[in-house]
Structures are given as structure tokens and as C-alpha cells.
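# with the sequence up front, the predicted model follows.
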Amino acid sequence: DVKVTQSSRYLVKRTGEKVFLECVQDMDHENMFWYRQDPGLGLRLIYFSYDVKMKEKGDIPEGYSVSREKKERFSLILESASTNQTSMYLCASSPSYNSPLHFGNGTRLTVT
Amino acid sequence: DAKTTQPPSMDCAEGRAANLPCNHSTISGNEYVYWYRQIHSQGPQYIIHGLKNNETNEMASLIITEDRKSSTLILPHATLRDTAVYYCIVRVAVRGGADGLTFGKGTHLIIQP
């Protein structure tokens, strides 16, 4: 079974802090994704990557950056956390362009 | 990607078949229909996908109408663990790219004991 592991289940950070959310997949997948999920707004795509060191903006990239130095790891970075970035963050991976996405269980981030 | 319409909620009795409808009347020829579900406090879970033909796997069956404007996900013998939000998504596959899925609000399926 594909395993997508997000490093933290719950995280509390202060406004202005730099925050790193880590995601690792163990199936040699080419593509990786970061979403955020908010009540009433559903899942929204922040960034995705289709290769090492490659990244593409999703629908809501503002306030975020990403890093993919190794194939199995995709990091989401909040350069200066703000309260409106309090959300559930979901990482996903897929092997190729027309394959299902496999999701991690999410990181619930609270920015105070 | 084409937009989908799903009922916001549905009930089903445990042990019965759950039939979840999805309307995707603007779907284009190269768009696949995907179904995911999300159980409370977990990430979305892939269920099944198809292009034109009906599909079946160990979790569910997917019935796509001949004109491809709607589809139905069937859980043949629903259990309490099938209570979740079910998302129907249409997605074009771009070779060489990695387009993400666009999730709508889904259907909250509640299995009643």
C-alpha cells in the first residue's frame, strides 16, 4: 500500500513564525501535491511538483512556498505564518499524470 | 476541469446498496470521472475512476451514462464505516503534467444502523 506520511498531526505556531510542513511518500511517485482544507471551501490546491526541484503554483499559492530536493519528500513552507493560514493541510502523491492521488492524513495547523 | 453537482447529503440503511449520483453535464471527451471519499479526520481516499465504461473494484462500482453527463457510485453493501463525504471529480489527464484535482463539496453519506 502507498504510504504518504505527514510529519505532524497537530501543530500550533505563533503569527510571524516560519513554519515547515513535511511530507514523505514511499512509493517512488513522480507527482506530489499540497492542499489546504477549510470548512465550506473544500480542498484547494496550493502547490504541486511533477519532478525533483520542479514546482508549479496551484489555485492559492500566496503566502506559501515549497521545496522538493528529493523525490520522496515535498515540503510546504509558510514564510511568515498568519492567522488566516490556520487550516488542515493535506499532502498527496501520484505515480503519473493520470493516476489516482494518494493522500496523507493531514496536519491541522493553528496559528495564534 | 468540468464542474460536478452532487446532493449535499444522503442516508442509507446498513447492508443496503448506497447509490451516489453525480452530474457532470459539461464533461469533455478526455475527462475521467474520479470518486474519492473522506472519513472524518482522515485524508481523502481514492475509490474508483473511469472514462466511458462501467468499472468495478473491491470497494465499489462506477456506472457512467452513455452520454457521460452523469455517473453513479454504488457501494453494494454499505456498512457504518462507509459514513463519509464522497467527492465526484472530473479530471483531464495532461501528459507530462501533474494537474491536481479540484474538489467540490461532495455528498455526506450517512449509513444508518
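Looks like it arrived, so ask away. Please read these numbers as outputs of a predicted model, since none were measured by experiment. Numbering: from 1, shown residues only, chains lettered A, B, ... in the order given.
# can you show me the CA trace of the worst-scoring helix or strand of chain B on mean pLDDT as CSV?
For chain B, counting by mean pLDDT, DSSP states H and E, strand B:84-92 ranks last in confidence among helices and strands (a mean of 90). This file holds the C-alpha atoms of strand B:84-92, laid out as CSV (Å, rounded to 0.1, in the frame of the first residue of the first chain):
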residue,chain,number,x,y,z
ALA,B,84,-18.1,9.7,4.9
VAL,B,85,-18.1,12.7,2.4
TYR,B,86,-18.0,11.4,-1.1
TYR,B,87,-16.5,13.5,-3.9
CYS,B,88,-17.1,13.1,-7.6
ILE,B,89,-14.4,14.8,-9.7
VAL,B,90,-13.9,15.1,-13.4
ARG,B,91,-10.3,15.5,-14.5
VAL,B,92,-8.4,15.8,-17.7
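# so is the nearest residue to residue A:25 once chain neighbours are set aside in a helix, a strand, or just coil?
The shortest distance from residue A:25 to any non-neighbouring residue, by CB to CB, 6 or more residues apart in numbering or on different chains, is to residue A:93 (4.1 Å). Where C-beta positions appear, they are placed from N, C-alpha and C, glycine not excepted. Using DSSP: H, G, I helix; E, B strand; the rest coil, the secondary structure recorded for residue A:93 is strand.
# ok, now which ones touch residue A:93?
A:2, A:4, A:23, A:25, A:27, A:29, A:31, A:32, A:33, A:74, A:101, A:102 (CB atoms under 8 Å, 6 or more residues apart in numbering or on different chains).
# and the residues you listed, which are buried?
A:2, A:4, A:23, A:25, A:29, A:31, A:32, A:33, A:74, A:101, A:102 (16 or more other CB atoms under 10 Å in any protein chain shown).
# now, among those residues, which is nearest to residue B:105?
residue A:101 (18.2 Å; CB to CB).
# just the pLDDT for the residue nearest to residue A:25.
pLDDT for residue A:93: 93.
# okay, and the beta partners of it?
Per DSSP bridges, the residues bridged to residue A:93 are residue A:32, residue A:102.
# same thing with residue A:48?
residue A:33, residue A:56.
# my read: it touches residue A:59, true?
No. With contacts counted by CB atoms under 8 Å, residue A:48 stays clear of residue A:59, the gap being 10.4 Å.
# ok, residue 8 - how many residues close by?
No chain in the question, so chain A it is. 14 (other CB atoms under 10 Å in any protein chain shown).
# wait, chain B
Neighbour tally, residue B:8, other CB under 10 Å: 9.
# ditto for residue A:41
Neighbour count of residue A:41, defined by other CB under 10 Å: 12.
# list the contacts for residue 49?
As the question left the chain open, I've gone with chain A. A:31, A:32, A:33, A:55, A:56, A:66, A:68, A:74, B:98.
# oops, chain B please
A:100, B:32, B:33, B:34, B:35, B:55, B:62.
# what is the nearest of the residues you listed to residue B:74?
residue B:62 (7.6 Å).
# dead centre of chain A: give me the residue that sits there.
Geometric centre of chain A, nearest residue: residue A:34, 3.0 Å, by CA atoms, centre = their mean.
# wait, isn't it in contact with residue A:76?
Yes. Here residue A:34 reaches residue A:76: they are 4.7 Å apart, a contact under CB under 8 Å.
# need the residues touching each of the two.
In contact with both residue A:34 and residue A:76: A:21, A:23, A:46, A:47, A:64, A:66, A:89, A:91, using CB under 8 Å, 6+ apart.
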